[in-house]
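*Asks:* Fold the following and give me the result.
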Amino acid sequence: MVLTENGSLIFRLRGVLEFSCQLDASNETQGQSAISKSFQALRSRVSSESLVFTVCNSSVLLWPNKGLQSTAEHLTEGTPCRDIQQYKEEEDGGSKKSRRKDKRDAGPSVVNLKLLLEVTESGDSRALSLCRVAGQQHSARMPLCVDCVFSASGQDSLGSVCSGLVGALCSQLSDMEEVVLKYRKGSSLLVPQPFHFQLPESTGLVTVIYPAGVPDGQLLTVREELHGKYGLPSDRPYFRRANAFHFPDEAYKDGYLRSPHTHLTTPNVEEAKVSVVRGVYSYHHYMQDRVDDNGWGCAYRSLQTICSWFQQQGYTDRAVPTHTEIQQALVDVGDKEPPFVGSRQWIGSIEVQAVLNQLLEVTSKILFVSRGSELASKGRELANHFETVGTPIMIGGGVLAHTILGVAWSESSGDIRFLILDPHYTGGEDLQIITDKGWCGWKGPEFWDQNAYYNLCLPQTPKTI
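*Replies:* Numbering: from 1, shown residues only. I've put the predicted structure just below:
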C-alpha cells in the first residue's frame with residue numbers, strides 16, 4: 001500500500017452478519033417489531049467488545065470497542081492510521097505490467113478490513129430460559145453483507161478511524177432495517193445491499209442501501225430523494241448501481257481496460273483548455289471477444305466503446321452489443337438487407353448513429369468535414385461537446401474509424417490536439433503498451449488524412465436520473 005500525494009486513505013470494512021427473526025404472518029405490527037428488534041440486537045453486538053477487525057493481508061487483529069486492543073503492540077488508539085501499512089503484506093495478485101507506477105495513477109489508497117465477532121464471551125454461565133409460543137410463526141434468516149467505508153488522512157489516529165467504522169457499521173444496519181421494512185411483503189424479506197457513490201466535488205463516499213432484486217427502473221423515487229438531499233442536478237444519473245464507486249484495488253471482472261486516457265500526460269499546448277470525456281468507458285478494439293475483425297471492425301469497436309460509456313454511466317442496463325447484434329439492429333431499422341448479418345462489411349458514422357438510436361434510444365449529432373485538414377478548425381465545437389455532453393465521439397473517414405475522447409484547444413492561437421482511442425490495436429490488455437505506443441494518445445492535426453472526408457457522430461445524453 002502506497003499513500004497518495006495528499007495522504008488520503010479509504011478504510012473499507014466488510015463482513016457477513018446473520019439476520020434472523022420470528023415473524024407472525026397474521027400480525028403486521030408484531031412482524032415489524034420483530035424485525036426492528038433483530039436489527040437492534042445486531043447493532044448491540046457490533047457495539048460490544050466482541051467485535052474484531054482483521055487487517056487483510058496481515059496477521060493484525062483489532063478490538064475497536066476494547067480501547068483499541070491489538071495483536072500488534074505498537075498499534076494503539078493514538079497511532080497514526082497510516083502506520084498500519086507496515087503490517088500489511090505485499091499484494092501480488094495484480095498484473096504488474098498493467099499497473100503504472102507514476103503520479104497519474106494516484107488515488108486514494110484502500111485499507112481492507114474484515115469484520116469478525118468473537119464466538120465466546122466472558123460472563124456468568126446461567127442456564128438458558130425457555131418459553132412456549134402458541135401459534136404459527138415464520139422463521140426468517142438471511143445473510144447481511146455489510147460494506148462500510150471511512151475516509152481518513154494518514155495523520156488521523158487509528159482510534160478515530162476504528163470508531164468511525166463502528167459508527168458507519170451501526171448506521172448501515174439502521175439503513176438496512178429501513179429498506180427491509182419498506183420492501184417487506186408478509187414473511188418475504190428482500191436482502192439489503194450497500195453501494196458506495198462518489199459525488200461531484202465530494203471528498204468522501206456516500207453509501208446507499210438498495211433492495212436486491214428490485215431493478216433501478218423501480219427505484220426512481222429513491223433516486224429523486226437522493227438528488228434532492230445532495231443538491232444534484234436532474235439531468236444525469238448519479239445513484240444507479242452502475243454509478244457505484246470502483247475501488248482502485250479491485251480488478252474489473254470482464255477483462256476490458258477502463259479509461260486508459262487517465263494515465264496520459266496533458267499535452268503541452270500554450271494557452272490551451274483541455275476538455276475530455278466525462279466518466280468511465282471500456283476500451284474495445286480489434287481481436288477481442290474471440291472475434292477476428294482485423295481490417296473491417298474498427299467502427300464496430302468504436303461503437304462498443306461508446307455503448308460501454310452509456311452503460312457505465314447508468315444510462316442503460318443493456319450489455320455492450322456484439323458485432324452480430326449491431327448488424328441485426330441495422331437490418332431492423334431498414335438500413336441494411338438481411339444478408340448483412342454475419343458479414344464483414346464496414347459501417348460508418350451514420351450507421352453508428354442508427355444503432356445507438358435503435359438499441360439505446362440515444363440520439364446523435366453528425367458533424368461533417370469535406371477534408372481532414374478542416375478538423376483543426378473544429379476545436380470550439382468539439383470542446384463544447386466534451387464540456388456540455390461528455391460522451392466519446394466516433395469519427396469515420398476513408399477506410400478508418402477512431403474514437404475521439406477529448407481535445408486540447410487554444411482559442412487564441414487555434415492550436416489543437418486530439419485525444420484518440422484507436423480501435424485498430426490487436427494486442428492484449430496491456431496498459432503500458434497501449435499508452436506508450438500511442439494506441440491511446442494525444443495527436444496533432446496531421447494525424448488525419450488531410451484530403452479525406454470525415455463524419456463525426458456526437459452522441460447526446462438523455463435527461464434522466
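
*Asks:* measure stretch 205-219 end to end?
*Replies:* End-to-end distance of stretch 205-219 (C-alpha to C-alpha, to the nearest Å): 20 Å.

*Asks:* buried residues in it?
*Replies:* Residues 205-211, 216, 219 are the ones in stretch 205-219 that count as buried (16 or more other C-beta atoms under 10 Å). For every residue, glycine as well, the C-beta is placed using N, CA and C.

*Asks:* Identify the residues contacting it?
*Replies:* Here stretch 205-219 makes contact (C-beta atoms under 8 Å, 6 or more residues apart in numbering) with 10, 147-149, 151, 168, 172, 175-176, 178-180, 182-183, 190-199, 222-223, 226, 230, 239-241, 245, 314, 317.

*Asks:* what about 6 Å?
*Replies:* The contact list for stretch 205-219, computed with C-beta atoms under 6 Å, 6 or more residues apart in numbering, reads 149, 175-176, 179, 183, 190-199, 240, 245.

*Asks:* I'd like the average pLDDT over it.
*Replies:* Per-residue pLDDT over stretch 205-219 has a mean of 96.

*Asks:* can you check stretch 339-352 too?
*Replies:* 97.

*Asks:* and what of stretch 378-385?
*Replies:* 97.

*Asks:* show me where the stretch 251-400 of the chain has strands.
*Replies:* For the stretch 251-400 of the chain, the strands defined by DSSP state E, counting those that start in this stretch cover 273-276, 364-369, 393-397, 400-409.

*Asks:* Walk me through which strands the shortest one pairs with, and which way each runs.
*Replies:* Strand 273-276 has these partner strands in its sheet, going by DSSP bridges: strand 400-409 (antiparallel).

*Asks:* how far off strand 393-397 does the strand it pairs with point, in degrees?
*Replies:* Put simply, strand 400-409 runs at 120 degrees to strand 393-397, going by axes from the mean of the first three to the mean of the last three C-alpha atoms, to 10 degrees.

*Asks:* Only alpha carbons, please: show strand 400-409 as PDB.
*Replies:* Extracted in PDB, the C-alpha atoms of strand 400-409 (Å, rounded to 0.1, in the frame of the first residue of the first chain):
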ATOM      1  CA  LEU A 400     -10.600   4.100 -40.900                       C
ATOM      2  CA  ALA A 401     -12.600   4.800 -37.700                       C
ATOM      3  CA  HIS A 402     -11.400   6.200 -34.400                       C
ATOM      4  CA  THR A 403     -12.800   7.400 -31.100                       C
ATOM      5  CA  ILE A 404     -12.200  11.000 -30.000                       C
ATOM      6  CA  LEU A 405     -12.000  11.300 -26.200                       C
ATOM      7  CA  GLY A 406     -11.100  14.900 -25.900                       C
ATOM      8  CA  VAL A 407      -9.300  18.000 -27.300                       C
ATOM      9  CA  ALA A 408      -6.700  20.400 -26.100                       C
ATOM     10  CA  TRP A 409      -7.600  23.600 -27.900                       C
END
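
*Asks:* Any chance you could list what contacts that strand?
*Replies:* 261, 267, 269, 272, 274-277, 298-299, 302, 305, 379, 382-383, 386, 392-395, 416-422.

*Asks:* what's near enough to touch Lys114?
*Replies:* Residues in contact with Lys114 (C-beta under 6 Å, 6+ apart) are 15, 54, 56.

*Asks:* oh, I was asking about Gln460
*Replies:* Thr363.

*Asks:* ok, it to Ala383 distance?
*Replies:* Per C-beta to C-beta, to the nearest Å, Gln460 is found 16 Å from Ala383.

*Asks:* do the same with Ile416
*Replies:* Ile416 is 9 Å from Ala383, by C-beta to C-beta.

*Asks:* for Pro260, same thing?
*Replies:* When distance is defined by C-beta to C-beta, Pro260 is 21 Å away from Ala383.

*Asks:* And for Phe53?
*Replies:* The value you get for Phe53 to Ala383, if C-beta to C-beta is used, is 48 Å.

*Asks:* Equivalent analysis for Leu130, please.
*Replies:* Distance from Leu130 to Ala383, counting by C-beta to C-beta: 74 Å.

*Asks:* Comparing these two, which shows the higher neighbour count?
*Replies:* Between Leu130 and Ala383, Ala383 has the larger neighbour count (other C-beta atoms under 10 Å), namely 21 against 5.

*Asks:* which residue packs closest to that one, ignoring adjacent ones?
*Replies:* In space, and not counting its chain neighbours, Ala383 is closest to Ser275: 4.3 Å by C-beta to C-beta, 6 or more residues apart in numbering.

*Asks:* Quick check, pLDDT for the one you found.
*Replies:* Ser275 is given a pLDDT of 97.

*Asks:* just the one 5 residues further on next, same as before
*Replies:* The predicted local confidence for Val280 comes out at a pLDDT of 96.

*Asks:* before we move on, the earlier item: will you turn the strands of the stretch 251-400 of the chain into a markdown table that also has distance to Asp335 and mean neighbour count?
*Replies:* Below are the strands of the stretch 251-400 of the chain laid out as a markdown table (distance: least, C-beta to C-beta, whole Å; neighbours: other C-beta atoms under 10 Å):
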| stretch | distance to Asp335 | mean neighbour count |
| --- | --- | --- |
| strand 273-276 | 31 | 17 |
| strand 364-369 | 14 | 16 |
| strand 393-397 | 15 | 25 |
| strand 400-409 | 17 | 24 |
